[in-house]
Each structure stands twice: as C-alpha cells, then as structure tokens.
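> coordinates only, sequence not included:
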C-alpha cells in the first residue's frame, strides 16, 4: 500500500525513534523503516519531513530522513524486476520538490564556530546535493533535461546562501556526470561545459575580489561583531572553493584540446560542424526516403560530391574527419540500398494500370543506371585504391597510441562502431564496394597485395611506407576473404608469405603480426585440412608474441578456428597444454574489461570443443576461482564466467563433482536475491547443467532447491529452466529430496498452475506427471491444491480449435488418469471433496453427475486424440479394470462414450 500525507506523523515518529539510545525503541523503528523502503510514497514522505518548516529545528530527524532518502534513490530509482521501485509520477514530484528546496538554512552560529556547519543543515544540504547528482546520472538529459537550466536560472536571483547551495549541487552533479564514459554522455557534458563555463569563471573572479575585500575589512575591524557579514563572507569563501572545483572539472572533462584554438578559428569550426550536420541530414533522408532521394536532381549530385571528397579530400583531411565519415556513409548507404537494385521480376501482361510497385521498379532501374554511370570501372578501381592506400594505412598517431596502450588500441580499432571513426568507416565502405564489384576488384586487390609484399619483404624491420602499405593490403585481403578466395590461394599465400612473417621477431613487426592474426581468423572457412596444422601452430606462436595487441588478435582468431565446424582436434591436441597456459597467462596480464571477456571467450570455446579437459581441471578450477573473485561488480564479465563454467561442467560430465568446492559458492551467489538481476539466467543454466551431470545428489546442492521457489515468486521468465531443474532434483534426489522439500514442491506447482499461460503450463505439467510417477503415493496428497486446478482445467478448459489449450487439457487429464491407476483411493477421495465441487461451480461448469464420471468422458473423448499411445495404456487399464474404481460406473455409459 502506498504511503500518503496521512502517514507523515507516523514517519516522523519512526525517524525520531530510530535515533533513540534505547534499543527497545530504536530496533522496531529501524525495522519498520526498512520494510517501508520499497513502498510507493516512501521517498515523498521523507521529502516532506526534510522540507517541513515546523521541523527546521529538528536537525537530527531531518538529517536521518535525507540519508534514508539517498539510500532509497540508490536502490529503487532504477526500475528493478523484483520491486515496483519508484513510479514515474513520484519521480517527477520528487525532482520538482528537490529543485524547489535549494535554500537549506544554516544555524545561527558565530564566525568562530564555523566548523559547526559541517553538521546539521550543512550536512543535509550536502546529502541532498549528492542525492540530486545520483538522480542526474540516471535521468539527465532524457528524463530531466531542465535540471541545469533551472539551477542556472535560480542563480541569477539567489542570495549568498542559495547560490552556495546551488553550487554545491552543481559540483556534485557535474562530478557525477563527468565519470560517464559513453560518447553521447561525454558530448552532453561538453555542452554543459560550454554553456556554464563563462558564468562560472565570471563568478569566480567576482568572488576573489569579494573575499579579498572582506578579509581586508575583517582585519581592519577585528572587534566588529557583525555576525551576519561574517557568515556571508564564509559562505562566499565556500562558494569560491566550490566554483574552483567546478571550473577544474569543466576544463578537464568538458573541453578537448581544440577548444584552445585562437578566436578566429571559431567560425571555421562552426562551418565544419554545419557541413557535417547537413551531410548527416542527407544520409538520414536517403535511408528513410530512398525513392525520393533517387531523383536525378539529387542522387547524382550528392554521390558525385561525396566520391570527389573521398578520393581528393585536400590537405585538411584529418581536420575534417567527421565530414569525410558522413561522405563515406552516404556512398555506402547508396551502394547497399536494396531499393536501388535492378528488379528481376516482370509485369503482368496486358496490364495498363500503373501501380505503386511498378513505379518503384521503374525508379529502382533508373537509379541503378545512374549509379552505374557515376561509378564506371576506372572510378571503382580508383576508389578501391584510395581506400586501401590512404585510409587503411596507420598514422603516426595510431602507432603512438598503440605503443602507449596496446589494449585500448586493439579494442578501439576492432570494436568501435564503423560510423564513428574514419578507418572503420573506410573499411565498411570498402567491403560493400568489393561485394558489388568483386569480379572487377578481385584482381586489383591481389595486385595491391603483391605490390605491397614485394615492396616490403618479411625481412624488413623499419616502419616504412612500404611496411604500412603491406599492413593495409593485408587488412583489405582479410575483410573480403570469401570473394577474394577465387583469385588467391590461401595455402600458397600462407606458405609463401604469412608464415615467413612470423619468423621475424623484431618489435616493429607487431604491425604485420597483428594483421596475420586477423587474416588467419577471417579466412578460417577457406583453410583446407592439409594447412590446418600449420595455421594452428602459427596462432599459438602469435599467442606468445611480446605485444599484447597481437596476442589479443590471435586469441580472437583462435576462437573462430575452435568453433569452426571443421575444427581438427587431432591436429590441435598436442598444442592444447601450451594453449591453456597461454590463456591463463594472458588473462593475468590484461587490464581492460573487454580484454578479459575476449580471453574468457577463448577459454570457454576450448572447454566446449575439446575432449581433453579433465587433465587440466585443477588449473581451470584455480583460474575460475580467482577470476570470479576479481570480477566482483562486473556483471557482464560474470555472465561470461557463468557461461564458461556451464561448459566446464558439461565437459567434465559425471566427474563434475571434483569442482564443486569452487562451483557451489559461485552458484549460491548467483542465485541470491541480492545479486544483480542479469546474472540469474546464466546462474540457472549453470545450476541445470550441474544437476544434469551429477552422478549423485550432494547435501549442499540439495539445500539450494528452496531458492527456486523464491525465483519463481519474483518472475516466471525462467520457468522452462526451472522445470528442468526440478525434474533433475526429483529423479536424482529421490525420497531424500521429497522428504526435505515436499512443501516447496507443492508450493512451486501451486504457484505456477493457474498463474501462467498455456505455454507455461505445457512446461510444468510434464514435471507434475514425473513427480506422480516417481512418488505415486506421496505426491498426490502433497499437491492436492494443484490437482484440483487440473480437474477444473479438464472440465472447463480446452478448445477444439486451439491446439495449445487442447494439449493442456489432455496433459492434465493424463496426470489424473495416472493417479487413478496408481493411487485410486486418493483420486476418488479428492473428487468427492466439497472444495472441488465449489471450485468447479465457480468456474461455471454445471455438475450434473459424479465428477469422476465427468473425467471419464474427458479421457475417452479428448486424451486419445492428443497423447501418445503409451499414455493411453493408463486409460485402457482403467477402462478394462473398472473394479479398481471406488465409484460405480455403468458399462452402458462407458460403451456409449467409447
């Protein structure tokens, strides 16, 4: 139930009691507050306590309310699956209330007692500032765009105290936002910086003058008792200090080096941004309205302009990189646009009416002709050469970045979106161009490759233009492996050049070694059996390279080979010990999150695709144990670890208990209700794998079953996996499991049946059937509530025209039939209970005869049409052995129904 204004007195009492030194008063109050945290309106009540004018003197209560408020925001502001959280309406109210309560009053203290303001109202103001910054991190700018505009607006008319409070909020919020690393977030911070910097700098200068004048006056009038003036001066000092920290944050995180250009460059920057924006608009229009953009007055002009800019960008190429990216995006979008492909279908004979589809075909054919005229063979070849020789080549800045941080360089080059950086964008355009003109460009690319290899033999060690061109040519050959395989024999290329590159261990050869690793991964489908062994050895050698960037590239390519359908474990088996050791060593050396995930993918692939895992089980256990401990707080990395652990369990098979000392604590932490929600699915898959490959039930694993009911109480998202887990417990745990968790099993069935759709029922009903088969005398009595629901489903559910409903009805009837045969007395007792009759009547089914007789009709009419023949044996047994039935069924009725 939501809290409201009427709950304010009770809320105040709980807060006051929480501060009591009497434990008998304090403990119940703290418990009550903890239970109220996730209730709607809790934060609103706290906000009312904080801002109540009649409670200004109750500093301790208001401070405690602000702390509870901050903690609740941290826990419930983001929407969570297992909690309703804070509603959107309440969030809007809270944000408005926070921005209307900026002037948290200071106590009346003397200047000599200024240290007091570290407590009380000042601490409340600080807590609220931190609270606003946490909300800003989540909601700004999408859900709270007005935050900074309101703060700046209130600064214009604020007194010293209010401006101090506002600057406290600004500092905390800007500090929080500056730590966000996504490109969009950094752009938002840059915009804030450009809008606020001038005002902040001007105020900083003004405060410096005010402070100097105030201190001078203070020294000259040391005996003055103007307490108000002293307080204002101190707040001005505090505001100046905050302003200094804000300016530092803005300069460091909000302005790139280019912002320090001379004043006359601003207009040029504006023109660049404007041109880039206009080209973005054209790209968006072409993507959204391809037929309209294909007009002869639009497409030819734009395409010709873009092609000219790409092939001849002028000396300012690097200064105008974003514009070139948009030009390349435009050409790429046009070349791969399916609406511009010539139509291969004809038209209906004697059709005179011009349809919309016919108009589109006409436009497509016309545009295809325009594109062909814009890209004759010589221009296609020129564009291909320019992309490879100019845009693929590593720059001095690239090499310096690689030297400074190999990991960052690796991920920036290979993981960044193609539309954000110039080289990835050029590579994306090249791939589309080659796919459209493979027959023309195949020989061209091979020619460039041969030229580059001849100009820079494998013995060369200096970083020359020839070496960089070879690196670019290798990249070009790697990206279009499928089409280029018609013009280039991989075996000859590998034996004649690529393998020789690896014999040169000079540090500068890291440039070529990285591309060799890329090629070996991209060309995996073209590598024949007689070359696989040599390629595997080459990748292991690259995995031992001194350069971290090369090793990461090799680890990724090795994953492609291991996961390939034609992977030869025979050729790889003797390399496996070295590969394991190199993986463990590499994961120790890397620092970046993406690097750890990449190496973990390789380890997971090895576990999943090689048979010799058990000899390395101890090392793997040690690795997983350490990796899990170090991954605390990194949910994405833990997801990869859980996937790898599942593969590890599957690979160990019935020997998996040797790693239970490591697995069980990890599984328990993943299933804990306080663990991140995103870990739950992979934790349950690991749980399922452990049970499926367990030779016997162990006590620790047996005790975990109670978690399953808690999970299903929160959500039915993982019902299918939960059903498999429960089935394993029933079969593997036997009577020991049932005696320990009988109530949990009954609760699980009752929770699911009647609360999920037909698809969910079809997941859980086979499990009910298995439990009845395993424990025919015990289970039916435990799940009487569930069985009553199944009786109702049999009598009222089902639809001859809905296969899923028919399947649910048939499955339910089969379960009841099995109980009739295996535990006849109990079913007769159950069907005669008044509660069953009441339940059936509530469902709208008219009961005119005995319930069990009604079920016989269902068995004879529905089940034989829906279930396998093996299941019908129970019905036949009942039909022929009617002596087992506790009620009298006349043969005429049975024969009539038959």
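Now that the structure is in, tell me what you want to look at. In this text, all values refer to a predicted model and were calculated from it rather than measured experimentally.

> Please make it C-alpha for all contacts and neighbour counts, starting now.
Will do.

> Need the single longest helix in the protein, by residues.
Determined from DSSP state H, the single longest helix within the chain is helix 183-220.

> ok, residue 840 touching residue 790?
No - judged on C-alpha atoms under 8 Å, residue 840 makes no contact with residue 790 at a distance of 10.6 Å.

> which helices and strands sit right next to the longest helix of the chain?
helix 160-178, helix 227-254 (3 or more C-alpha pairs under 8 Å, 6 or more residues apart in numbering; DSSP states H and E).

> by how many degrees do it and helix 227-254 diverge?
On the basis of axes from the mean of the first three to the mean of the last three C-alpha atoms, to 10 degrees, helix 183-220 is oriented at 150 degrees to helix 227-254.

> rank the helices and strands packed on helix 183-220 by pLDDT, which is bottom?
Across the helices and strands packed on helix 183-220, helix 227-254 has the smallest mean pLDDT, namely a mean of 78.

> Need the phi and psi values for the residue nearest the centre of the chain.
Centroid-nearest residue in the chain, with C-alpha atoms, centre = their mean: residue 636, separated by 7.3 Å. The phi and psi values for residue 636, taken as degrees, to the nearest 10, are phi -60, psi -40.

> For residue 574, see how far away it is.
Remark: distance between residue 636 and residue 574 (C-alpha to C-alpha, to the nearest Å) = 33 Å.

> Helices along the stretch 301-450 of the chain, start to end?
Shown for the stretch 301-450 of the chain, the helices assigned by DSSP state H, counting those that start in this stretch span residues 321-335, 356-374, 377-386, 396-404, 406-415, 422-436, 438-455.

> for these, which one ends up most surrounded?
Greatest average neighbour count among the helices of the stretch 301-450 of the chain goes to helix 321-335 (a mean of 22), per mean count of other C-alpha atoms under 10 Å.

> got a list of contacts for that helix?
272, 275-276, 279-280, 282-283, 286-287, 303, 306-307, 309-310, 313, 317, 340, 419-422, 425-426, 428-429, 432-433, 436 (C-alpha atoms under 8 Å, 6 or more residues apart in numbering).

> Please work out which of the helices and strands packed on helix 183-220 is packed deepest.
helix 160-178 (a mean of 22).

> if we can go back for a sec, now the residue nearest to the centre of the chain: how far from residue 597?
8 Å.

> before we move on, back to that, reformat the helices and strands packed on helix 183-220 as CSV; add distance to residue 708.
Putting the helices and strands packed on helix 183-220 into CSV (distance: least, C-alpha to C-alpha, whole Å) gives the following:
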stretch, distance to residue 708
helix 160-178, 38
helix 227-254, 46
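
> right, and the ones you listed - which one's nearest residue 192?
Closest approach to residue 192 among the helices and strands packed on helix 183-220 (C-alpha to C-alpha): helix 227-254, 7.8 Å.

> Could you give the average pLDDT over stretch 542-561?
Stretch 542-561 comes out at a mean pLDDT of 94.

> If you could redo that for stretch 274-283, that was the one I meant.
For stretch 274-283, the per-residue pLDDT averages 82.

> Over to stretch 103-123?
Stretch 103-123 comes out at a mean pLDDT of 50.

> again with stretch 703-718
For stretch 703-718, the per-residue pLDDT averages 88.

> how near is residue 395 to residue 462?
Counting by C-alpha to C-alpha - residue 395 and residue 462 are separated by 15 Å.

> Let me fix that, I meant to ask about residue 139.
52 Å.

> Which other helices and strands does the helix or strand in which residue 515 is found contact?
Using DSSP states H and E, residue 515 sits within helix 510-522. Counting contacts by 3+ C-alpha pairs under 8 Å, 6+ apart, helix 510-522 packs against helix 465-479, helix 529-542, helix 548-562.

> who touches it?
With C-alpha under 8 Å, 6+ apart, helix 510-522 has contacts from 467, 470-471, 474-475, 477-479, 481, 498, 501-502, 535, 539, 542, 547, 549-551, 553-554, 556-558, 560-561.

> again, but for stretch 645-660
604, 607-608, 611, 613-614, 617, 621, 624, 685-686, 689-690, 693-695.

> swap the cut-off to 7 Å and go again
In this structure, residues lying in contact with stretch 645-660 by C-alpha atoms under 7 Å, 6 or more residues apart in numbering are 604, 607-608, 613-614, 621, 686, 689-690, 693-695.

> Would you indicate which residues of that stretch are buried?
645-654, 656-657, 659-660 (16 or more other C-alpha atoms under 10 Å).

> What are the neighbouring residues in contact with residue 132?
residue 173.

> And it, which helix or strand is it part of?
Going by DSSP H and E, residue 132 is in helix 121-139.

> picking up where we left off before, who wins for most neighbours among the contacts of stretch 645-660?
Among these, the one with the most neighbours (other C-alpha atoms under 10 Å) is residue 690, at 27 neighbours.

> how much space between the nearest residue to that residue once chain neighbours are set aside and residue 855?
In space, and not counting its chain neighbours, residue 690 is closest to residue 649: 6.3 Å by C-alpha to C-alpha, 6 or more residues apart in numbering. From residue 649 across to residue 855, the span is 45 Å (C-alpha to C-alpha).
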